[in-house]
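Enquirer: structure, please.
(chains A and B)
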Amino acid sequence: MRLPAALAAAVVALAPAVMAAPATATTSKASSTTLKLALTGDIDSLNPFKAILSSSTGILALQYQSLVAYGPKNNEDIPSMADKWETSTDGKVWTFHLPKDRKWSDGQPITAKDGAWTFKAIQTNDQLKQANGSLLSSVAAVEAKDDETLVITLKAPQAPNPGTQLPIMPEHVWSKVENPATFANDKDSVGSGPFTVTSYDKAAGVTMKSNPYYWRGKAKIDGITYAPYKNSDAAVQALKTGEVDLISGLTPAQYKALQNQPGITTNAGTGRRYQAIGINPGTQTPDNTPIGDGSPALHDVELRRAIVMAVDNKTLLDKVLQGLGQEATGEVPLAYPQYNWDTKDLPLKYNPQGANELLDKAGYTKGADGIRLDKSGNPLKLRLMGRNTDPTHQQMADYVKPWLKEIGIDVTTVMKSSAQVNDDSTVGNYDLYFTGWGMGPDPDFQLSINTCASRPNADGTGATSENNYCSPEFDALFKSQHEELDQAKRSALVKQGQEMIYNAAVNNVMYYANTLEAYRSDKFQPFVTQPEKGGVITGQNGPWGYYSATPVGMNTGTGTDEASAGFNPATVIVPAVVVLALAAGGFVLYRRRSVTAGDRE
Amino acid sequence: MESTLSEPVLGGAVPAPAAPPGGAPAKDTDEPRRGGSWLRYIGAKAGGAAVSLVMVVLLGFFAFRILPGDPVRSLADGRQVTPEQMDILRRQYGLDQPLPAQFWRYLTDLFQGKLGDSYTYNRPVMELILDRIGPTLLLTGTAAALSVVLGLWLGQRAAWRRGSRFDKTQTGLALVFWSVPTFWLGLLMLLVFAGGLHWFPTGGMVTAGVRATGFEYAWDVARHMVLPVLTMVAVVYAQYLMVMRASLLEEMSADYLVTARAKGLREDEVRRKHAVPNALLPTVTLIFLTLGGLVGGAVTVETVFSWPGLGYLTFQALSAPDFPLLQGTFVVFSSIVIIMNFFADIVYRLLDPRLRAS
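Expert: Predicted coordinates for the structure are as follows:
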C-alpha cells in the first residue's frame, strides 16, 4: 500500500534530520559550570517563612544560613553566621558572636540585628509562623546587644542549640517588604548562603547563582539549575542524556539500573528516616480518656513484644529495599552517630519460636484453627494499615501477614490514602500500621512526640504523638536530656530513651532506607557527603553537597559539554524542509488516490 | 479523576433533545424557522447550563469536605509542628469556622471572582490556575486539533473503502492505540525517543535554566511538545476515526449519493461534496464534548512528561487535600465542560436543519 510506504519513507527521511538536531545543538560554546538538578518534588513557596515542602526548604538551605550550621562530617554544630557562641550555666541564655566582615549577597554587612529582626518577625506575626514557628516556642526574648552580639533568652534551659535551624533573613530587604507573608521572594533574592535564587518559573525551574560574598568562599560552579521533573523515570532518562547532572530519590530498581552506566556514579547515602510498624498500645487523650478503636489485646506489652519478634526486619530490608538500607535499632538513624542507639544486643530480634513461647507463657492459647485466643477468649485478629501511595507498604504487608500467622495472629491488611492514615493513626484507629519519620540532626523533637503531653485530643486536634505512648519514666528522661548540656551525657540519655520505646514495643523500627542518588561523574568530581562516611549528597542539613560541586577538568578547560537549547539554524531548516516535502508528497498522493478510487468504483 | 469531576456535570448538562422547562417542543414545531424558536432554544439550553453551574458550585464545596484528612495535619505531616502552630494555621485557613460560615465565605469570594488561597502554595487559586491553564491548553489543544484532523481523515478514507486492507489496518491500529494505557505509551515514547535516541527532551515545557525568547523559545517549546502531543494523539484519534467511519458508512447507503453519481460527478467529488459534509454532523458534538474534557484529561500525560499544567496541579491538590485549590479546579473544569456542551447544542442545531424543523 502506498500510505504505509509513504509513512515509512517519512520516518526514514525525518530520522536523520531530527537526530542531527540535538547533535548540532550540543556542540556549542565551552562548558558552563552549572550544576543541573532534577527537581522531582513540588515547590510550595520560596519564602522562608512559608515554605514547608522539602524541595523548597532544600533550595532555601542553600540561600540562607542559620546562626549555627550542621557540619558535613557528623551533623555536628559548626560556625555559620556566628563563629562563636556560649551558654549560661543554667542553659537559658545563649550568646552568639557574629564576625564583622561577613556580607549578604548584595554586599551589605551581616549584623546581629538581622538575627533579632528574623526572630521578632516570627514572634509578632502569626502569618509568619507557618514554616518555623515551632522553633521559637521555647524562646522568651531575642536581643541584638550590638552589631556583633545576639542574645537569645529561653523560657527553660535546653540542650539543643536555638541557633541551628532558623534561617536568618536580611533585615534591609525584608523590612521594606509590605507584607512578608505574601512576598514571593523568587527573583534576585538576597541571602548569605553559597547560592541565591535568581529566578523561579514553574516551567523553567529554579536558577541560582553563586554568592560572591559567601564567607567560606565563592563556589567553584557559577550556579545551579533545578529542572522540574514530575516523573522520576523521566528524570533518570534525563541523567542518562545529560540533561541533568544529579538526581536523588531513586527507587532501588532505578538505582540498580544506573549502576553500570558509563559516566554515571551512584551513591547510596545513609538515610535520615526510619521505617517501622506502629503498634497501638491503647490511645488516650492528655486527660487519660481512651480513644480510638485499637484492639484491647494490644494493651498487653507481652503480646506487642511477640509481634516485634515475629517480624523479620532483615528479610524486609533485603526483599523490599533490595538491601539498600541498614537494619535498624532505635529511632535515630545511623546518619546521626552521636545519637544512634548502636546496640547489637536486641532482645526482641527476629525469633518466631521465642515469640510463640512468650505467648504460650502469657496464656494466649491456640484455637483449633491455629489462631490464638486473647485474654477474653476471642480469636486474636488484628488489622494492619498502610498507605496506598507507597508500594512498599503492600509488599511488606505480604510478608508480615504470614509471619504473624505463624505465631497465631490473624492479620487483615488494608491500604488507605495518606490523609486517611494520618487521621486514623492520630486518634488511635488502628492496631498495626506502617509508619516512619524523617529526622533532623537534633533528636529532641523526635523524643518529645513520645511524651504523655504530646497525646492528641479526642477529635485529633492538639499535639502529635508518634506512637500513642505515655510513660512517666520516659517523660522524666526526656526532660533531663533536654536540659543536659554535656554532649556525652546527653547522647547516653537519648539512647536510653530509644531503648525504653523499644522495650515498650510500641514501634517496631525495621530499617533505615538509603537515599539513592546518582550523578554525572564524567562532568563532576565526587561530592562532599553528610555524614562524611556513607552519607548523602542531596537533602543535607546544610549546603555542603552542592557547595562542593567541582567540574571535572575545570582548570584544563576540557570539560564536557551539556545538551543545551542553543539555537542552530540547521535544527529548524532541515526538519522544516522534510516536513514541507512530506506535505507536498502527501497532497500529490491524496489527489492521485482520489482519482484511482473513483476509477475503481 | 476526570470522570469523577465531570460526571455530575454531564448528568445535568447533556440535555440532548430533552424538553427543557419553559420551552415546550410542541410550540417549536408550530413556528419552525422563526427567531423566537431559536431564542427559546438557546434560552432553554442556557438555563440548563446555569442550573448545572449552580450545582457545580454547591458540589465543589461540599463534595471535597467528605474527603478524609485534616488539611492542617497533612501539612504538618512528619514536620516539627507545635499544637499552637496548627491552631494558627486552622485560623488562617478559616478551618476553625463552622461549615456554613466557611460556605458563606466561599460563596462571597466566588461572586467577587475569587477562588480563595491555596494552602499548599500560599497563593490565590485563581493565579495558580491562570498560570497553568496556558500550558495545558497548548498541549491539549494541539493534540486535539491533530487528533480531529487525523481521525476524521482516516475515518472517512476507511469508510469509503470499507473492508479494504487500508480500512482494516487503520481501524485496527487506532483501536490498539486506544486500548493502550496512556502512561505506558508515554513512558515508552520517553524511553525510546528521549532516553534511547536522544531525539527529544525528557520532560518539561522549556529547557530549564535557559532564558530564550522569540523564535528560539518557540522552537524550544515545540521540541518539548512533540512526545506528549504524539502520546495524546495516539490515544485519542481513534474515537474520531470510529465515529467518522460509522457516520459515513450510514450516509453511503443514502439515495442522494446515487443521485449525485447519476449527475456524473466523480467519485471523490461525491465523497467530498456530498457524503462527508453530512457525515461530519455527529462528530461535531463529539469534538465539543471532548474539548470540554481535554483540560482535565491531561493528568497522565502531564505527569509523565513533567508538563507544567492544570492536571498535575489538581493531582497535588487532591493529595493534600487543599480545599480551595480543589474547589477552584473543580469549578473551572466543570464550567468548561458545561460551556462546551452548550456550544455543542448550538452548533449542532446550526448545522442540522432537521433539528431546527422538528
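Enquirer: low-confidence ranges, the stretch 101-250 of chain B, go.
Expert: Along the stretch 101-250 of chain B, the model assigns pLDDT under 70 to no residue.
Enquirer: for it, what spans make up the strands?
Expert: For the stretch 101-250 of chain B, applying DSSP state E, counting those that start in this stretch gives no strands.
Enquirer: ok, which residues in it are in contact with chain A?
Expert: By CB under 8 Å from any CB of the partner chain, the residues of the stretch 101-250 of chain B that approach chain A are B:120-123, B:131-132, B:135, B:160-161, B:165-166, B:169, B:187, B:190-191, B:194-195, B:197-212, B:215-216, B:219-220, B:223. All C-beta spots, glycine's among them, are computed from the backbone N, C-alpha and C.
Enquirer: can you flag which of those belong to helices?
Expert: Of these, the ones assigned to helices by DSSP state H are B:131-132, B:135, B:160, B:165-166, B:169, B:187, B:215-216, B:219-220, B:223.
Enquirer: what subset of these is buried?
Expert: Listed as buried from these are B:131-132, B:135, B:160, B:166, B:187, B:219-220, B:223; burial here means 16 or more other CB atoms under 10 Å in any protein chain shown.
Enquirer: check these and tell me the two furthest apart.
Expert: B:Asp131 and B:Trp160 (45.4 Å; CB to CB).
Enquirer: list the contacts for A:Gln275?
Expert: Going by CB atoms under 8 Å, 6 or more residues apart in numbering or on different chains, A:Gln275 touches A:328, A:392, A:434-436, A:509-513.
Enquirer: likewise for A:Glu466?
Expert: Contacts here follow CB under 8 Å, 6+ apart; on that basis A:Glu466 touches A:437, A:446, A:449-450, A:454, A:507.
Enquirer: do A:Tyr399 as well
Expert: Contacts of A:Tyr399 by CB under 8 Å, 6+ apart are A:312, A:315-316, A:319-320.
Enquirer: residue of chain B nearest chain A, please.
Expert: B:Gly69 (2.4 Å; CB to the nearest CB).
Enquirer: so which bits of the stretch 301-450 of chain A are right by chain B?
Expert: A:389, A:416-420, A:422-423, A:426, A:437-438, A:440, A:445.
Enquirer: and the two most separated of those residues?
Expert: Once CB to CB is applied, these give A:Lys416 and A:Gly440 as the farthest pair, at 27.7 Å.
Enquirer: rewinding a little: identify the farthest-apart pair in the contacts of A:Glu466.
Expert: Greatest spatial distance among the contacts of A:Glu466 (CB to CB): A:Ser454 and A:Asn507, at 14.0 Å.
Enquirer: which parts of stretch A:341-359 are buried?
Expert: For stretch A:341-359, by 16+ other CB under 10 Å, it's A:341, A:346, A:348-352, A:354-356, A:358-359.
Enquirer: any idea which of those is least confident?
Expert: Looking at the buried residues of stretch A:341-359 by pLDDT, the weakest one is A:Leu346, with 91.
Enquirer: tell me who's in contact with that residue.
Expert: Residues near A:Leu346 by CB under 8 Å, 6+ apart: A:329, A:502.
Enquirer: distance check, it against chain B.
Expert: Distance, A:Leu346 to chain B, by CB to the nearest CB, to the nearest Å: 25 Å.
Enquirer: shouldn't that residue be within a strand?
Expert: No. If the criterion is DSSP: H, G, I helix; E, B strand; the rest coil, then A:Leu346 is coil and not within a strand.
Enquirer: could you measure from it over to A:Val509?
Expert: As judged by CB to CB, to the nearest Å, A:Leu346 and A:Val509 stand 10 Å apart.
Enquirer: what do the two both touch?
Expert: Common contacts of A:Leu346 and A:Val509 (CB under 8 Å, 6+ apart): A:329, A:502.
Enquirer: need the helices for the stretch 1-150 of chain A, in chain order.
Expert: Secondary structure of the stretch 1-150 of chain A, counting by DSSP state H, counting those that start in this stretch: helices at A:2-26, A:54-63, A:112-124.
Enquirer: and the helices in the stretch 451-600 of chain A?
Expert: Assigned by DSSP H, counting those that start in this stretch, the stretch 451-600 of chain A shows helices spanning A:472-483, A:487-504, A:544-547, A:569-600.
Enquirer: and for the stretch 1-150 of chain B?
Expert: In the stretch 1-150 of chain B, the helices defined using DSSP H, counting those that start in this stretch lie at B:2-13, B:25-30, B:35-65, B:71-76, B:83-92, B:99-111, B:125-160.
Enquirer: format the ones you listed as CSV; extra columns: distance to A:Asn260.
Expert: CSV is the format used below for these (distance: least, CB to CB, whole Å):
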stretch, distance to A:Asn260
helix B:2-13, 40
helix B:25-30, 71
helix B:35-65, 47
helix B:71-76, 39
helix B:83-92, 47
helix B:99-111, 55
helix B:125-160, 35
